[in-house]
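J.: sequence unknown, structure follows:
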């Protein structure tokens, strides 16, 4: 409720539609409707069963990922980024006579 008026929020992948009484915000497309207190959205379990609170969990989604992963995964990574992103190369310093900033 917003200002004692019903607010309906509809989401679908990357689209969001918010309606407060007669006003509609966002584009309107045909969407499927799921009503209830428990929903699953992009691997997130959303539970509105407790009044004034909601719970969001990805534990079942993560379990499915781990179950589907191959057994022979080896190694350790502190970051998902490739090693070459952190390597620097020796280059000459910038010429002090040239401007530090350029515009187009």
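T.: Sure thing, it's come through. Only a predicted model underlies this, so the values are computations on that prediction, with no experimental measurement involved.

J.: for residue 76, grab phi and psi.
T.: phi -140, psi 140 (degrees, to the nearest 10).

J.: same check on residue 61?
T.: phi -60, psi -40.

J.: next one: the one 4 residues further on
T.: As for residue 65, its main-chain torsions (degrees, to the nearest 10) stand at phi -60, psi -50.

J.: just the pLDDT for it.
T.: Residue 65 is assigned 87 on the pLDDT scale.

J.: also the one 5 residues further on?
T.: In the predicted model, residue 70 carries a pLDDT score of 82.

J.: that one: neighbour count?
T.: Neighbour count of residue 70, defined by other CB atoms under 10 Å: 5. The C-beta positions use only the backbone N, C-alpha and C, and glycine is treated the same way.

J.: give me the secondary structure label for it.
T.: coil (DSSP: H, G, I helix; E, B strand; the rest coil).

J.: by mean pLDDT, point me to the weakest helix or strand of this protein.
T.: Least confident element among the helices and strands of the chain, by mean pLDDT, DSSP states H and E: strand 23-25 (a mean of 55).

J.: next one: the residue nearest the centre of the chain from residue 83, what distance?
T.: Most central in the chain under CA atoms, centre = their mean is residue 42, positioned 8.7 Å from the mean C-alpha point. Using CB to CB, to the nearest Å, one gets 30 Å for the distance from residue 42 to residue 83.

J.: likewise residue 97?
T.: Taking CB to CB, one finds residue 97 at 36 Å from residue 83.

J.: those two: which is more packed in?
T.: Taking neighbours as other CB under 10 Å, residue 97 and residue 83 compare with residue 83 leading, 8 against 5.

J.: check what pLDDT the more buried one gets.
T.: 78.

J.: again with the one 4 residues further on
T.: Predicted confidence (pLDDT) at residue 87: the value is 80.
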